[in-house]
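Colleague: sequence-free structure coming up:
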Ligand SMILES: Nc1ncnc2c1ncn2[C@@H]1O[C@H](COP(=O)(O)OP(=O)(O)OP(=O)(O)O)[C@@H](O)[C@H]1O
Ligand SMILES: [Mg+2]
């Protein structure tokens, strides 16, 4: 029987190949759409995973998430630096870290942040170590640069006509293990370096001061006197929480956050005049932020408990600040994208419907072509079960093969898509089959099984003689 | 083994006014040999389809022994035929893609009765019909060779009834005679009823009884002895 089926398939291989191809392509389309959509959802959710709460200036929630999680270069309104101070001191906050961006190097975004954020959002170092000096940088896993490489920040990005900052250069101190998020493509530097590059939070006396090593704190105190904004800050401060006094003392000279901090190319012209700073590569990193802290595009907050997270978000959703749960924003984004997905799914479903129709057609033709053969099998004594098995199995094998190949093609296509996406955005899209796909496959196979049975059943509606005349 | 009885049979096809076959009464004794003769289009193949159960009887009765074909469903009729009738059809209906030997054995294999003895018998029959290459694919064979494969297939299970439609039509005199010998001897050995539609006078005269058809009617029914007389 098997030999008969094989001989038959060999004889009808061209038609069989067409059936397989047809089924495979349609299946692949549906599978690829499903896989791609799911992996996009999972991948971006994973990217937002470590970002519990993001606080930015009042504005677009979506843009805040896209910029801070996906590092999309776009101008963001700045949140007052004092917010970071307040958040850092909040007992409900485990840690809060600034996220400053706008510069890039070789297409990689340069992110100014703190060691806490690096430690809190990444699985650790693949090589080297954390940045310890202002002039050091840590690379995301997907940044293709060696340890010790020099990084000259460019304002904005090359594509958008950015220019390279004249003086400063970072030295690569370490490389992180992959996180599967867009931050893998980031060059992480101390936030103070970013400020200094852009002439923000600049301590004028710093250059001379840092030579006497541990005289750092004195330098700040001295600076405070030079600065026009100094008193203002102090005043604001005394009105605030008491323990901040200590912080303030350690802080670089206050610079009123009136200066817009550059974000992306769009605001690059604006920053031009202010742009006079440079980093001091050997300065130690200061990660306590006083009220003099410059404006920030985003602050990443790690609340201690979930309840804290909700309370904090509530508090920072008023007035000039915007607190968001990236996961929630993404979910809402998917809801919007859901329509697009619906269209895709409709396309996929439509193609599957077409295939189903094509399959029915193939089946009908198949029956027509095989009527003689079925008639002959019957005439020469093949039992009904054998005839059924032969006819059913042949068609089912073809369709099952098509479905199998289709799933493979779909998987490959989704993987290629995910790789392309990852190369561009750094978001690792986890492409893989789930129980749901297994169910889909079973539904397809079931449909094929039923369909394949039709010719086998129809075969007995006529006499062998009639069939043989066909 | 099995005797045939036909009563009030009428076979008509849609679009035709007169039935292509009308048999009021016909009996064929078990173990007898019958030749069906008549011009082309006289209804020989139609009658063979009816008595082999390939065609449904809509009017009249066809009994093999006590079994009325009209009582059987398509599937059961197939099974009855598989067990009782060795069939050689005018168009052979061999299965391309399979070797000659596999073709001979296919029905038995599909019915799961292909024992080692039967395979041996298949080889034996293969030689008896005068074929040489059992592994040759049937679609590459000449019509005469195909005819012989079809005959070997029909005889494999020593059926109680052998029905053949023009079994010697594609054969030369010599092979035709050999095939005739084979049919007659297998039928005689097993006591099978043999019904052969043929234009071949040499084969016809070797059968005990001759039925002449014309326009779907039986116009002559003669015994071999009478013909000689
Ligand atoms: N399915 C059908 N529909 C209409 N007419 C048919 C059908 N089958 C057979 N006939 C007609 O019945 C008649 C008898 O056909 P049949 O095949 O029995 O002839 P035959 O005696 O076997 O001829 P041959 O010697 O050429 O094989 C023919 O006239 C044919 O046209
Ligand atoms: Mg005929």
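Modeller: Now that the structure is in, tell me what you want to look at. As the structure is a computational prediction, the values presented were derived from the model and not from experiment. Numbering: from 1, shown residues only, chains lettered A, B, ... in the order given. Ligands and ions are numbered 1, 2, ... in the order given.

Colleague: Next one: stretch B:53-72, is it in contact with ligand 2?
Modeller: No - shown here: stretch B:53-72 not in contact with ligand 2 (CB under 5 Å from the ion), separated by at least 12.5 Å. For glycine as for every other residue, the C-beta is placed from the backbone atoms N, C-alpha and C.

Colleague: In that stretch, which residues are buried?
Modeller: Buried residues in stretch B:53-72, counted by 16 or more other CB atoms under 10 Å in any protein chain shown: B:53, B:54, B:55, B:56, B:57, B:60, B:62, B:63, B:64, B:67, B:69, B:72.

Colleague: so how far is residue A:391 from the third one?
Modeller: For residue B:55, the distance to residue A:391 (CB to CB, to the nearest Å) stands at 22 Å.

Colleague: Just put the buried residues of stretch B:53-72 in TSV and tack on secondary structure.
Modeller: Formatted as TSV, the buried residues of stretch B:53-72 follow (DSSP: H, G, I helix; E, B strand; the rest coil):
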residue	secondary structure
B:53	coil
B:54	coil
B:55	coil
B:56	coil
B:57	coil
B:60	strand
B:62	strand
B:63	strand
B:64	strand
B:67	strand
B:69	helix
B:72	coil
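
Colleague: Also near chain A: which of these, exactly?
Modeller: B:54, B:55, B:56 (CB under 8 Å from any CB of the partner chain).

Colleague: give me the element the nearest residue to the first one once chain neighbours are set aside is part of.
Modeller: Closest residue to residue B:54 apart from its sequence neighbours, by CB to CB, 6 or more residues apart in numbering or on different chains: residue A:465 at 3.9 Å. If you go by DSSP states H and E, residue A:465 is part of helix A:464-469.

Colleague: Residue 129 - nearest residue in space that isn't next to it in sequence?
Modeller: Using chain A. residue A:174 (4.7 Å).

Colleague: that's the wrong chain, I meant chain B
Modeller: Closest to residue B:129 by CB to CB, 6+ apart is residue B:148, at 3.9 Å.

Colleague: wouldn't that neighbour be in contact with residue B:130 here?
Modeller: Yes - proximity of residue B:148 to residue B:130 meets the contact threshold set by CB atoms under 8 Å, at 6.3 Å.

Colleague: more neighbours, the two?
Modeller: residue B:148 (29 against 16; other CB atoms under 10 Å in any protein chain shown).

Colleague: So what touches the helix or strand hosting that one?
Modeller: Element membership of residue B:148, judged by DSSP H and E, is helix B:143-155. Applying CB atoms under 8 Å, 6 or more residues apart in numbering or on different chains, the contact partners of helix B:143-155 are A:380, B:86-89, B:92-94, B:100, B:103-104, B:106-107, B:122, B:125-126, B:128-131, B:138, B:141, B:162, B:164, B:167-172, B:175, B:179, B:182-183, B:186.

Colleague: Mind giving me the PyMOL select for the residues you listed, buried ones only?
Modeller: A single PyMOL command selects the buried members of the contacts of helix B:143-155 (16+ other CB under 10 Å):
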select buried, (chain A and resi 380) or (chain B and resi 86+87+88+89+92+93+94+100+103+104+106+107+122+125+126+128+129+130+131+138+141+162+164+167+168+170+171+175+179+182+183+186)
